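> when you get a sec, could you give me coordinates for this:
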Amino acid sequence: MPGSTRVAAIDVGTNTVLLLVAERRGERIDPLAERAEITRLGRGVDATGRLDPAAIAETVRVLAAFAAEARALGAAPIACVATSAARDASNGAEFFEAARAAAGLAPAVISGEEEARLVWRSAFRDFGGPAGPPPLPASSALAVLDVGGGSTEFTFGDAPAPRGRRSLQVGAVRLTERHVREDPIGPATLATLRAAAAAALGPLAGFGGLGELGGARLVGVAGTVTTLSAVAQALPAYDAARVHGATLRREEVEELLARLAALPLAVRARLPGMEPKRADVIVAGAAIVAEAMRLTGFDRLTVSDRGVRWGLVHDLLEGAG
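Have a look, this model is predicted:
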């Protein structure tokens, strides 16, 4: 299309592979295709330090399909990054070689700090200051919480470039694999999950109130937060338009955490709004959200349906920020 640029971004996470194909039309960036598949590339990495061969094969299959779709839509370039699981695994080269052979892509492993920057770029564009949806914050300041499968990133600031960011080694898959051995999850295990999350998130306690950024809005990103919002709304099918920009109060997160933990996995997986493949790790993810909100003193968060892939697209179409 004359006057437009079409690009794609693929985010290979510990739990999920996400695709965004987007086009610039004047000042707008419009999504043409968005896909998400849970492949759990990082299953077992916390214990073994290695990527599971079956997880590699499933992730590469999805990656090849996403790359083919992006090319069919005329996207160029295609940016592809890998995050926590690929950072931590000793055999990441096996995954990269298989991805290159099957998809013609070599995912670039990005640091936790770079992951946080990309998520920040997307969140600030959508929610920074008066551009964001109500309730408007007291200033343009944001804090962004990105709960992944293997790591959690926290970023804050009041401008397109963040003032500070932290990447912490706790995520929904990692926490589940370390501590969950029963179904449903009993009070003692839930307490252990919360204590482990709080310990890993301890550095965030220093951000409580955010000092001069105390009027900030907290934005929550990634599958744990979007799933909690979808379940809270009892959505019969996932609807990004109803999730992106929705609000979750801290007491709602606490109620969801208690409710989800008490349900057997099979029942949890059938809840309206629940992605069945996420049902086994959602309790640990919710524990991370609850503890992060407690430590940083936020009583509500705004849900973002976007993240690393959107930050990559902004970089491709607008230049790295």
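> now the strands for the stretch 201-321 of the chain?
Using DSSP state E, counting those that start in this stretch, the strands assigned to the stretch 201-321 of the chain run over residues 217-221, 247-249, 300-304.
> tell me the buried residues in the shortest one?
Read that as strand 247-249. Buried positions in strand 247-249, judged by neighbour count with 16 or more other CB atoms under 10 Å: 247, 248. All C-beta atoms are positioned from the backbone trio N, CA, C, and that covers glycine.
> each with direction, which strands does it pair with?
For strand 247-249, the paired strands and their directions (DSSP bridges) read strand 300-304 (antiparallel).
> and the partner strand, C-alpha only, in PDB?
C-alpha atoms of strand 300-304 as PDB (Å, rounded to 0.1, in the frame of the first residue of the first chain):
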ATOM      1  CA  ARG A 300      -5.500  -0.900  41.100                       C
ATOM      2  CA  LEU A 301      -3.900  -1.700  37.700                       C
ATOM      3  CA  THR A 302      -4.900  -1.000  34.100                       C
ATOM      4  CA  VAL A 303      -4.700  -4.100  31.900                       C
ATOM      5  CA  SER A 304      -2.600  -4.000  28.700                       C
END
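> what's the mean pLDDT across it?
Averaged across strand 300-304, the pLDDT comes to 95.
> now do that strand: distance to the chain's middle.
Counting by CA atoms, centre = their mean, to the nearest Å, strand 300-304 is centred 13 Å from the centre of its parent chain.
> and for that strand, what's in contact with it?
Strand 300-304 has contacts (CB atoms under 8 Å, 6 or more residues apart in numbering) with 122-123, 126-127, 132-133, 144-145, 217-221, 225-226, 229, 243-250, 253, 289, 293.
> with stretch 22-34 instead?
By CB under 8 Å, 6+ apart, stretch 22-34 touches 1, 3-9, 18-21, 69-70, 73, 240, 313-314, 317.
> what comes up buried for the lengthiest helix in the chain?
Scanning the chain for the helix with the most residues, using DSSP state H, yields helix 53-72. Under the neighbour-count criterion of 16+ other CB under 10 Å, helix 53-72 has 55-56, 58-67, 69-70 buried.
> which ones are touching the residue most central in space within the chain?
Taking CA atoms, centre = their mean as the criterion, residue 222 is the residue nearest the geometric centre of the chain, at 2.5 Å. Residues near residue 222 by CB under 8 Å, 6+ apart: 13, 146, 147, 148, 307.
> could you redo the last one with a cut-off of 10 Å?
Under the criterion of CB atoms under 10 Å, 6 or more residues apart in numbering, the neighbours of residue 222 are 11, 13, 15-16, 18, 119, 145-149, 152-153, 171-172, 285, 303-308.
> show me what the longest helix of the chain is packed against.
Packed against helix 53-72 by the contact rule (3 or more CB pairs under 10 Å, 6 or more residues apart in numbering; DSSP states H and E) you find strand 4-12, strand 16-25, strand 28-38, strand 78-82, helix 84-88, helix 92-103.
> which of the residues in the second one are buried?
By neighbour count, and taking 16+ other CB under 10 Å as the criterion, the buried residues in strand 16-25 are 16, 17, 18, 19, 20, 21, 22, 23, 24.
> wait, which of those residues is closest to residue 199?
Closest approach between the buried residues of strand 16-25 and residue 199, by CB to CB: residue 16, at 25.3 Å.
> that closest one: what's its closest spatial neighbour, skipping adjacent residues?
Closest residue to residue 16 apart from its sequence neighbours, by CB to CB, 6 or more residues apart in numbering: residue 38 at 5.1 Å.
> if I look at the one you found, how far off is residue 279?
Residue 38 sits 10 Å away from residue 279 when distances are taken as CB to CB, to the nearest Å.
> more neighbours, the two?
More crowded of residue 38 and residue 279, by other CB atoms under 10 Å: residue 279, with 21 against 18.
> domain ranges for the chain?
Using automatic domain parsing, the domains assigned to the chain come out as 4-110, 113-308.
> any stretches of the stretch 1-150 of the chain with poor pLDDT?
1-4, 129-139 (pLDDT under 70).
> looking at the helices and strands packed on helix 53-72, which is closest to residue 234?
Closest of these to residue 234 is strand 28-38, at 20.2 Å (criterion: CB to CB).
> mind checking how far the closest one is from the chain centre?
Chain-centre distance of strand 28-38: 14 Å, with CA atoms, centre = their mean.
> mind listing what's buried in whichever helix or strand comes after it?
Sequence order places helix 45-48 as the next helix or strand after strand 28-38, per DSSP states H and E. Residues of helix 45-48 classed as buried: 45, 46 (neighbour count, 16+ other CB under 10 Å).
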